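Student: I would like to see how this sequence folds:
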Amino acid sequence: MMAGFLQNAWYMAGWAHEVADVPLTRRIFDRRVVLYRMEDGGIAALEDRCPHRFAPLSLGTRAGDTLVCGYHGLAFDAAGACVHNPFAARIPAAARVTAWRAEERDGIVWLWGGQPDEADPARIPDFGIVADAPGRKVLRGHTMIMAPYEFCTDNLMDLSHIEYVHKGTLAGDGVIFAGQHSVQEDGEMLHSNWWMPGVTAPIPVRQRFAPGALTDHWLDMRWHAPASMRLDIGATYPGAPRDAGFDIGGQAHIVTPQTATTSHYFTANARSHDVDSPQVDAMLTDLFARAFEEEDRPMIEAAYANLEGRDFWEAGPLSTGVDSGGTRARRRITALLNAEARSVTVDRLG
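Tutor: Predicted coordinates:
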């Protein structure tokens with residue numbers, strides 16, 4: 001069970017390049033998971049705890065597609081079943097570990113939180129915009145946040161904070177105040193978008209326009225539960241179509257709960273310009289690192305800590321209107337959790 005977390009959802013477990021022959025261990029939705037790449041290129045995801053004496057399987061060794069516990073040698077296949085007991089021909093009935101369905105797409109490893117046979121790959125969010133492709137450079141990252149994943153969603157679905165939090169890096173120079181904000185629902189997706197017509201080209205796109213030029217600027221954020229977000233940033237000359245302007249290439253902001261109070265934050269920044277420039281790589285890496293480490297992270301973690309253990313809704317959060325994207329995402333998560341709880345109750349009664 002995954003108390004407090006959605007089961008029927010896809011969670012990012014890591015970047016595809018992180019998962020190799022050597023087992024990778026990571027705590028996800030408060031469970032220790034070990035991931036490794038099988039001989040056919042597929043990915044296995046098992047509970048990182050041997051049922052015998054609870055040693056981490058990630059400290060063991062590979063034997064083909066099985067993972068051998070480094071403590072007493074029990075071997076487990078990708079489905080979580082024990083397939084070898086070095087001390088007897090008989091394998092105890094309880095010798096198995098939880099296995100999760102894993103899928104690789106767009107350079108991302110996804111885990112289905114529920115029963116493997118109920119996983120629906122069609123529900124994996126599309127992040128093709130940050131997949132490796134000819135003429136595209138992608139910078140990827142992973143860090144930790146000492147706050148629940150919903151606080152990261154609040155931050156990303158309400159980009160009005162750019163004007164205040166990011167004064168040292170990505171400051172909007174007032175463009176947000178000249179913008180129009182909208183939130184739309186589209187099936188399982190939420191869109192929290194800013195459209196800012198006739199504004200001076202902001203920092204992320206300024207290099208592509210004449211000094212002081214006016215632009216129509218957009219910030220489009222798309223959300224999938226639990227917390228997979230894609231940001232499209234661009235600008236064009238006033239009145240011109242978007243495809244005639246400059247799109248920076250897209251970003252991924254994907255947050256996966258580590259525990260109830262800590263989160264993995266995976267990021268990717270894609271671009272189709274200066275793809276072979278180490279200088280641009282270094283500049284962008286430094287810019288986004290400072291924006292998060294010195295600006296976003298301290299504010300997110302301080303906001304959570306300032307609740308001092310109280311429930312978010314019971315604390316009575318004020319609404320400013322432009323924060324409706326994060327509010328709707330939180331309410332969507334609550335509704336999905338309630339629906340899963342009702343389903344479990346019906347199954348038990350049945």
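Student: contacting residues for the nearest residue to F246 once chain neighbours are set aside?
Tutor: Of all residues not flanking F246 in the chain, R208 sits nearest, at 4.2 Å (CB to CB, 6 or more residues apart in numbering). Just so you know, the C-beta spots here come from the backbone N, C-alpha and C atoms, and that holds for glycine as well. For R208, the contacting residues are A201, A235, F246, by CB atoms under 8 Å, 6 or more residues apart in numbering.
Student: Kindly confirm my reading that E163 is in a strand.
Tutor: No: judged by DSSP: H, G, I helix; E, B strand; the rest coil, E163 forms no part of a strand; its state is helix.
Student: okay but it is in contact with A171, surely?
Tutor: Yes: counting by CB atoms under 8 Å, E163 does reach A171; the two are 6.8 Å apart.
Student: How are the helices of the stretch 151-300 of the chain distributed by residue range?
Tutor: 162-165, 278-290, 297-305 (DSSP state H, counting those that start in this stretch).
Student: What is the longest one packed up against?
Tutor: Taking 3 or more CB pairs under 8 Å, 6 or more residues apart in numbering; DSSP states H and E as the contact definition, the neighbouring helices and strands of helix 278-290 are strand 137-145, strand 263-271.
Student: So what's the model's average confidence on it?
Tutor: Averaged over helix 278-290, pLDDT sits at 91.
Student: ok and that helix relative to strand 263-271, angle-wise?
Tutor: Orientation of helix 278-290 against strand 263-271 (axes from the mean of the first three to the mean of the last three CA atoms, to 10 degrees) gives an angle of 150 degrees.
Student: Stretch 141-150: how far from the chain's middle?
Tutor: Using CA atoms, centre = their mean, to the nearest Å, the distance from the centre of stretch 141-150 to the centre of the chain it belongs to is 9 Å.
Student: Not counting that stretch itself, show me its contacts.
Tutor: Contacts of stretch 141-150 (CB under 8 Å, 6+ apart): 14-15, 18, 151-152, 226-227, 255-258, 260-268, 288-289, 292-293, 297, 300-301, 303-305, 312, 329-330, 333.
Student: if we can go back for a sec, check the contacts of R208 for burial and list the buried ones.
Tutor: Burial by neighbour count, 16 or more other CB atoms under 10 Å: within the contacts of R208 this picks out A201, A235, F246.
Student: Tell me the one among the residues you listed nearest to G42.
Tutor: Among these, F246 lies closest to G42 (CB to CB), at 38.8 Å.
Student: for that closest one, what are its contacts?
Tutor: F246 neighbours (CB under 8 Å, 6+ apart): V205, R208, F209, G234, A235, T236.
Student: which parts of the longest helix along the chain are buried?
Tutor: Assignment by DSSP state H gives helix 324-349 as the longest helix of the chain. The neighbour-count check on helix 324-349 (16+ other CB under 10 Å) flags S324, G325, G326, T327, R328, A329, R330, R332, I333, L336, L337, E340 as buried.
Student: tell me the contacts of the first one?
Tutor: It stands for S324. Counted by CB under 8 Å, 6+ apart, S324 has contacts V183, S192.
Student: Quick one: the strands in the stretch 101-250 of the chain, in order.
Tutor: 102-105, 108-112, 137-145, 180-186, 189-200, 214-224, 228-236, 246-247 (DSSP state E, counting those that start in this stretch).
Student: And these: which comes nearest Q279?
Tutor: Per CB to CB, nearest to Q279 of the strands of the stretch 101-250 of the chain: strand 137-145, 12.3 Å.
Student: partners of that closest one, with directions?
Tutor: Strand 137-145 pairs in its sheet with strand 263-271 (antiparallel), by DSSP bridges.
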